[in-house]
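Undergrad: dropping the sequence and predicted coords here.
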Amino acid sequence: MNDLTYVNIRPEHGPGVAELQAICFPYTPPEYYFTAEDIEQMAEIFPEGHFAALDGEQVVGFGAGIFLDFDFEHTQHTLQEIAGAGGYENHDPKGDYYYGTDISVHPDYRRRGIGRKLYELRKEVVRQFNRKGIIAGGVLPGYGAYRAKMSAAEYVQKVASGELYDKTLTFQMENGFKVLGVLENYFPDSLTDGWASLILWENPDYRPQ
């Protein structure tokens with residue numbers, strides 16, 4: 001870990017993040033990847049909420065998110081509906097929650113604590129800006145092996161209960177997130193048919209205004 005650095009996103013990281021997207025999401029159509037231009041906008045609009053893990057100049061990890069208000073009575077949404085086509089358009093500086101739009105780690109750099117550090121940085125932002133918590137739609141990489149046997153809701157319930165292991169959702173739960181349900185057609189992914197979990201981390205240090 002000593003050779004990695006973590007910084008808020010800058011425009012020059014755009015090409016590296018775009019390349020990382022293609023590596024980390026091979027089952028998603030390329031038109032849904034964040035582009036270098038999207039990263040430039042993120043760096044201009046809300047740099048505090050976007051992070052890059054660097055090995056020298058190479059982007060090996062990326063964490064993204066925006067502030068927004070969330071309707072817990074109507075939870076179904078797609079990633080583009082809630083965040084905007086580029087992942088930043090619906091950022092509301094006064095929003096109650098940080099909505100996590102992406103965390104990706106280069107396959108060659110996994111199991112080095114990068115994902116955990118990116119989640120810690122997100123939590124620091126939530127505490128710094130006194131927001132209520134973090135909401136995200138989480139990809140379900142393990143669901144592809146079970147989708148012929150059970151629904152996404154059943155799969156998520158079994159992971160939440162500890163009966164099954166999912167490398168993303170289990171990791172998120174270990175980091176203090178709880179499962180609220182599932183999201184249909186959240187993000188195009190031929191492996192999981194677009195299903196995702198809906199997760200929430202509540203800020204224990206939140207101070208009502």
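TA: All right, it came through fine.

Undergrad: every contact and neighbour count from this point should use C-alpha atoms.
TA: Will do.

Undergrad: and whichever strand or helix holds Lys158, average pLDDT?
TA: Assessed by DSSP states H and E, Lys158 sits inside helix 152-161. For helix 152-161, the mean pLDDT works out to 97.

Undergrad: cool, stretch 114-134 as well?
TA: 97.

Undergrad: over to stretch 189-199?
TA: 93.

Undergrad: buried residues, that stretch. List them.
TA: 189, 191-199 (16 or more other CA atoms under 10 Å).

Undergrad: Three-state assignment for Arg74, please.
TA: Arg isn't right for residue 74; it's His. The assignment at His74 comes out as coil when based on DSSP: H, G, I helix; E, B strand; the rest coil.

Undergrad: so what does the helix holding Lys158 touch, helix or strand wise?
TA: On a contact count with 3 or more CA pairs under 8 Å, 6 or more residues apart in numbering; DSSP states H and E, helix 152-161 meets helix 169-174, strand 178-183.

Undergrad: about what we covered before: among the buried residues of stretch 189-199, which one lies nearest to Gly95?
TA: Ile199 (17.4 Å; CA to CA).

Undergrad: tell me where the longest strand sits in the protein.
TA: In the chain, assigned by DSSP state E, the strand with the most residues is strand 58-68.

Undergrad: after that one comes which helix or strand?
TA: Downstream of strand 58-68 (by DSSP H and E), the next one is helix 79-83.

Undergrad: who's the residue nearest to the spatial centre of the chain bridged to?
TA: Residue closest to the average C-alpha location in the chain (CA atoms, centre = their mean): Asp102, at 3.1 Å. Note on Asp102: beta-bridge partners by DSSP bridges are Ala64.
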